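In: The sequence and its predicted three-dimensional model are supplied below.
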Amino acid sequence: MVSRIEAALLVALLFFASRAMVTDLAHTQEDSVTEKKKLELFSLSFREANQTALLHTITADHMIQYPDKTLYKTFVLYSPELKFLSSRAIEKKRRIYLENNVTILKIDGSHYTSGAVMYDKQHRRMELSKYFSFSDRHGTVEGTQIQYDGSQKELSGEAIKARYEIE
């Protein structure tokens, strides 16, 4: 028969052995997540230019770069024509996905807001989804989705409601 002291020692041994296994497992998972990061920066300011002009500037409070994407917190992208503001952004294959109440300001004074925005830098295409609103000196436009192709100067949307004065 097992004495109370032996039983208590056995329970304590099992407890500490299981705790050590859980701790080792937690460290292994933490190390594998950390290894995937390529770069992490705070208070970022990045400027991209070609030989003739500044293309755009990106600022963020926090950036984490992974092999396949880059995450930003408190993201701002300035370009000669636009300014994007978002609390969270993901850049993946020359596309930027902005989330959580995105604001876009254009040089002509127009103002966009949206729940989510996808901006393709290479093809100059932008899609506002979840909801959007647009305003400028002529009026306002609201809807559930809008796509703009900057290279073709084409605009299309869904569930559009507008109060807009055409000159």
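Out: Looks like it arrived, so ask away. Keep in mind that this is a model prediction, so the values were computed, not measured. Residues are numbered from 1 along each chain as shown.
In: so Phe84 sits right up against Ala116, yeah?
Out: No - applying CB atoms under 8 Å, one finds Phe84 not in contact with Ala116, separated by 12.0 Å. (C-beta placed from N, C-alpha, C; glycine too.)
In: Helices along the protein, start to end?
Out: Along the chain, the segments classed as helices by DSSP state H run 4-36.
In: And the protein, split by domain according to the record?
Out: Using automatic domain parsing, the domain ranges for the chain come out as 1-36, 39-164.
In: Tyr164: neighbour count?
Out: For Tyr164, the neighbour count with other CB atoms under 10 Å is 11.
In: Let me know whether it touches His138 as I believe.
Out: Yes - here Tyr164 reaches His138: they are 5.5 Å apart, a contact under CB under 8 Å.
In: Give me the most central residue, this structure.
Out: Geometric centre of the chain, nearest residue: Ala89, 1.6 Å, by CA atoms, centre = their mean.
In: Bridging across strands, which residues link to that residue?
Out: Tyr72, Leu98 (DSSP bridges).
In: Give the full set of residues in contact with it.
Out: Contacts here follow CB atoms under 8 Å, 6 or more residues apart in numbering; on that basis Ala89 touches Ala60, Leu71, Tyr72, Phe75, Leu77, Ile96, Tyr97, Leu98, Glu99.
In: Appreciated, that's everything.
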